[in-house]
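>>> Give me coordinates for this.
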Amino acid sequence: MIKPTQDAHLYTAAGAPMHTVKAANGNMRATTVRDARKFNLYYSVTSILKIIHNEHIEAWKLNNLLDAAARLRRGTQESDASFKKRLVDDSRSVSGEAPRFGSRFHNDAELINKDQPPVEEEMRPWTDPYREWFDENISTVLSTEKALVNEHYGYAGTMDLHAVHREHGPCVIDFKTQRVGAKGPQFYESFIMQLAAYRECLKPKPKCLSLVINSVEPGPPVEKLWTDDEVQAAWQQFYYANCLFQLRKNYRPKLDVSRDVDKAFDKVTEAAAMVFHVPREEIVGRRRHEPVATARNACYEMLHRRGFGYTEIGRVFMRDHSAIISGCKRIIGLSDVDKNIASRLGQLDYLISQDENLDRMPK
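Purely as a prediction, here's the structure:
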């Protein structure tokens, strides 16, 4: 009677939504993992977070079902199947009111963010307080309802608002509509995990701010600025949730290797400059004197260990692939006979391994 939903939001590498595709009969249907493999699509942050059990949402749905059971009366001649179906349909109609209200608010909030008048007159009791909050707190809108694609980790999503907050500075802001009770607005772990995932797509990385709007009684939005520790913990949780999600789906979007090695090149050469105490500009340059040449060879080896080919490493260093092969052999040979070089190579490897951006996830 109650089956798991198969709906998911997916995006192309360019950030275009592709939540549905045309079926063989000409009708639109939900996009599947088979379509994702065919078109190299990216699952959304919200789709990935569904893999984490959310006890608050599950309790809310169960309470809706219990309310329906207490409110509805079974017909004298009604079958078990018919009554169960009415209960499920009724509870789902109640559960569906929340996302419908949320969509309506988001649509008008987007217009306000773009300095345009909201459309729905019925939403004015909620959008007017939002506009007041916006005018008081937001100095510059950087983007609104922007699709983000994280090619390295293989996920995407649409960010509500990226703006400069007058007090907190640049923030990625996410709106949440909820029935606020006597305990006040609730800020759940899923809120910050979603924000942390969006934040990872932006440079420089902004603060994370949740904004709760009471869907029952109109009033001013309530904001929560998440701490750096909370953001870091949330990102780690999302990272592993994404790994598990991709393992269960047996699918991960293909990386654009050329762009990926460019990012790794910057990080590895910066780390090598610290470990070998030489300017990064010389490591990426053409000079061959020591210790620059050794630091450069160490960079070749570190990139090769992380799955990059000799040719693509040669491209970012503007050298022939044979020079990369020779450099890797030289640094390994030196580390076998020189404890100091071996120690620095180990330090460099460890330093780079602390940056998850350089570690490709298992395929």
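
>>> okay, CA-based contacts and neighbour counts for the rest of this
Noted.

>>> So which residue is dead centre in the chain?
With distances taken as CA atoms, centre = their mean, A197 lies nearest the centre of the chain, 2.9 Å away.

>>> any idea what it is structurally, helix, strand or coil?
Secondary structure, DSSP: H, G, I helix; E, B strand; the rest coil: A197 is helix.

>>> and the gap between the nearest residue to it once chain neighbours are set aside and L111?
Excluding its sequence neighbours, the residue lying closest to A197 (CA to CA, 6 or more residues apart in numbering) is W235, at 6.3 Å. According to CA to CA, to the nearest Å, W235 and L111 sit 30 Å apart.

>>> Looking at those two now, which is surrounded by more residues?
W235 (21 against 14; other CA atoms under 10 Å).

>>> Enumerate the positions of stretch 124-133 that are buried.
R124, W126, T127, D128, P129, Y130, R131 (16 or more other CA atoms under 10 Å).

>>> Secondary structure and pLDDT added to those residues, as a markdown table?
Below are the buried residues of stretch 124-133 laid out as a markdown table (DSSP: H, G, I helix; E, B strand; the rest coil; pLDDT from 0 to 100):
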| residue | secondary structure | pLDDT |
| --- | --- | --- |
| R124 | helix | 95 |
| W126 | helix | 96 |
| T127 | helix | 96 |
| D128 | helix | 96 |
| P129 | helix | 96 |
| Y130 | helix | 97 |
| R131 | helix | 97 |
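
>>> all strands for this protein, in order.
10-11, 20-22, 28-30, 42-43, 138-150, 155-165, 169-178, 207-214, 222-225 (DSSP state E).

>>> Which stretch among the ones you listed approaches D320 most closely?
The minimum distance between D320 and the strands of the chain falls on strand 138-150, with 30.1 Å, by CA to CA.

>>> So which elements touch that closest one?
On a contact count with 3 or more CA pairs under 8 Å, 6 or more residues apart in numbering; DSSP states H and E, strand 138-150 meets helix 80-113, strand 155-165.

>>> can you rerun that using 10 Å?
For strand 138-150, the elements it packs on are strand 10-11, strand 42-43, helix 80-113, strand 155-165, strand 169-178, helix 189-199, judged by 3 or more CA pairs under 10 Å, 6 or more residues apart in numbering; DSSP states H and E.
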